[in-house]
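Student: no sequence on this one, just coordinates:
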């Protein structure tokens, strides 16, 4: 199981479309750990890779301007522009802020203003007879509230605003005045907090050449052992809020925290008979059969930043990974159990025990506020669990899930160490 940083991006090959013999259309991104980071995952199940893709895209906390009605992060002091208020606010909400530079700052002490360049208390007004192009690096200003000082870079640009872009246009005599602050969030709440764009494909033989594969060749990964891809190619493209390498590391950490939270919920249930966001139903009529419900809701986004994330709002990220890796762990323990029993027909014994087992998840209906996760382990012989690990857990399915989560945590640690070794 490994993750490798590649020197070439398959997207560059895909979009360098030939126009003539020696010319190409399309685009080509420079490979870098900051903006365009190609990766390759090997010996990792595709459910885990797909979960990482979702986490990198939607669950890495970044800073943006919250324009919601109940938010106190924006004040539109004046506007007589051609833009409807909601349209104008939406454009402001997508201003990219440099999250990595803002970490450690007191966010309530940093304001972003669209205002008169000489007086921050006055609106930006077009006094010319031509249309004014309002651009971020020219017309957006960054202020420290406590000192009323303007924050600029060495090049005289507004601090914490990495990209220049056209925000709006002002016709003659139109004016706008807005005061904004940054808030933490993830794309689960709104796209303005999207950390990156992640592309994802299965490795093919053509990846080692300059040849562009066909759809049939892309599906050829199904033809080898276990019907699993040889490798999984992934490209993480930063939106300038965080560097691509930081998105990968924070995404792996976020997925690990998700697993840790689920594990803590199980341990809380075992200790207290209940847990805040998990219900457990142990069927007395079927030996070693346990049904779990992961409750869905959303915490305030500060919980994500405070390193106390959870599986709330969990739909199809953790579920498929647990289903796959719990089943793998179950098969490994069945082999160990059969070996310990010294069964004369080990293959038949393994198949028999596997038929008695179950591991599955589902979300019954999109409106249901929970995800179901059911696990059943063999009755006899009981699984030979490793001694000294969760011996206090008498319910075999729960113990199996806990052992699997430990493996997933170790996998995340291993991948984070490999990324850090490759990039730092």
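Tutor: In hand now; what should we look at? Just so we're clear, the structure is a prediction, and the values are computed from it rather than from any experiment.

Student: And residue 182, how far from residue 191?
Tutor: Residue 182 is 16 Å from residue 191, where distance means Cβ to Cβ, to the nearest Å. Quick note: C-beta positions are derived from backbone N, CA and C, even for glycine.

Student: typed the wrong thing, it's residue 7
Tutor: The value you get for residue 7 to residue 191, if Cβ to Cβ is used, is 31 Å.

Student: When the two are compared, which one has more neighbours?
Tutor: residue 191 (10 against 7; other Cβ atoms under 10 Å).

Student: and the nearest residue to the more buried one once chain neighbours are set aside, how many neighbours?
Tutor: Closest residue to residue 191 apart from its sequence neighbours, by Cβ to Cβ, 6 or more residues apart in numbering: residue 94 at 8.0 Å. By the criterion of other Cβ under 10 Å, residue 94 has 16 neighbours.

Student: is it true that residue 94 touches residue 192?
Tutor: Yes. Counting by Cβ atoms under 8 Å, residue 94 touches residue 192, with 5.3 Å between them.

Student: Show me the common contact partners of the two, please.
Tutor: The overlap between the contact sets of residue 94 and residue 192 (Cβ atoms under 8 Å, 6 or more residues apart in numbering) consists of residue 64.

Student: Low-confidence stretches in the protein?
Tutor: Along the chain, segments meeting pLDDT under 70 span 14-28, 218-228, 296-315, 424.

Student: From residue 317, how far out is residue 361?
Tutor: In terms of Cβ to Cβ, residue 361 sits 11 Å off from residue 317.

Student: the helices in the protein, which residues?
Tutor: 10-15, 46-58, 85-93, 99-102, 136-139, 215-218, 244-272, 302-305, 318-341, 346-355, 396-423 (DSSP state H).

Student: I'd like those helices as JSON lines, with mean neighbour count appended.
Tutor: Formatted as JSON lines, the helices of the chain follow (neighbours: other Cβ atoms under 10 Å):
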{"stretch": "helix 10-15", "mean neighbour count": "17"}
{"stretch": "helix 46-58", "mean neighbour count": "21"}
{"stretch": "helix 85-93", "mean neighbour count": "16"}
{"stretch": "helix 99-102", "mean neighbour count": "18"}
{"stretch": "helix 136-139", "mean neighbour count": "17"}
{"stretch": "helix 215-218", "mean neighbour count": "10"}
{"stretch": "helix 244-272", "mean neighbour count": "20"}
{"stretch": "helix 302-305", "mean neighbour count": "16"}
{"stretch": "helix 318-341", "mean neighbour count": "19"}
{"stretch": "helix 346-355", "mean neighbour count": "14"}
{"stretch": "helix 396-423", "mean neighbour count": "19"}
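
Student: Out of these, which is closest to residue 231?
Tutor: helix 46-58 (9.5 Å; Cβ to Cβ).

Student: Just name whatever secondary elements the closest one is in contact with.
Tutor: With contacts taken as 3 or more Cβ pairs under 8 Å, 6 or more residues apart in numbering; DSSP states H and E, helix 46-58 sits against strand 196-202, strand 232-238, helix 244-272, helix 318-341.

Student: Same list, the ones you listed, but as TSV with distance to residue 51 please.
Tutor: As requested, these are arranged in TSV below (distance: least, Cβ to Cβ, whole Å):
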stretch	distance to residue 51
strand 196-202	11
strand 232-238	12
helix 244-272	6
helix 318-341	5
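
Student: Select, out of those, the one closest to residue 216.
Tutor: Per Cβ to Cβ, nearest to residue 216 of those: strand 196-202, 12.7 Å.

Student: chain center to stretch 278-298, what's the gap?
Tutor: Put simply, stretch 278-298 sits 27 Å off its chain's centre (Cα atoms, centre = their mean, to the nearest Å).

Student: residues making contact with it?
Tutor: 188-189, 262, 265-266, 268-269, 277, 311-315, 318-319, 358, 368-379, 382, 395-398, 401.

Student: Then stretch 339-351?
Tutor: The contact list for stretch 339-351, computed with Cβ under 8 Å, 6+ apart, reads 331, 334, 335, 338, 381, 384.

Student: OK, contacts around the fourth one?
Tutor: This means residue 338. The neighbourhood of residue 338, defined by Cβ under 8 Å, 6+ apart, consists of 346, 349, 350, 353.

Student: Equivalent analysis for the third one, please.
Tutor: Under the criterion of Cβ under 8 Å, 6+ apart, the contact list for residue 335 reads residue 350.
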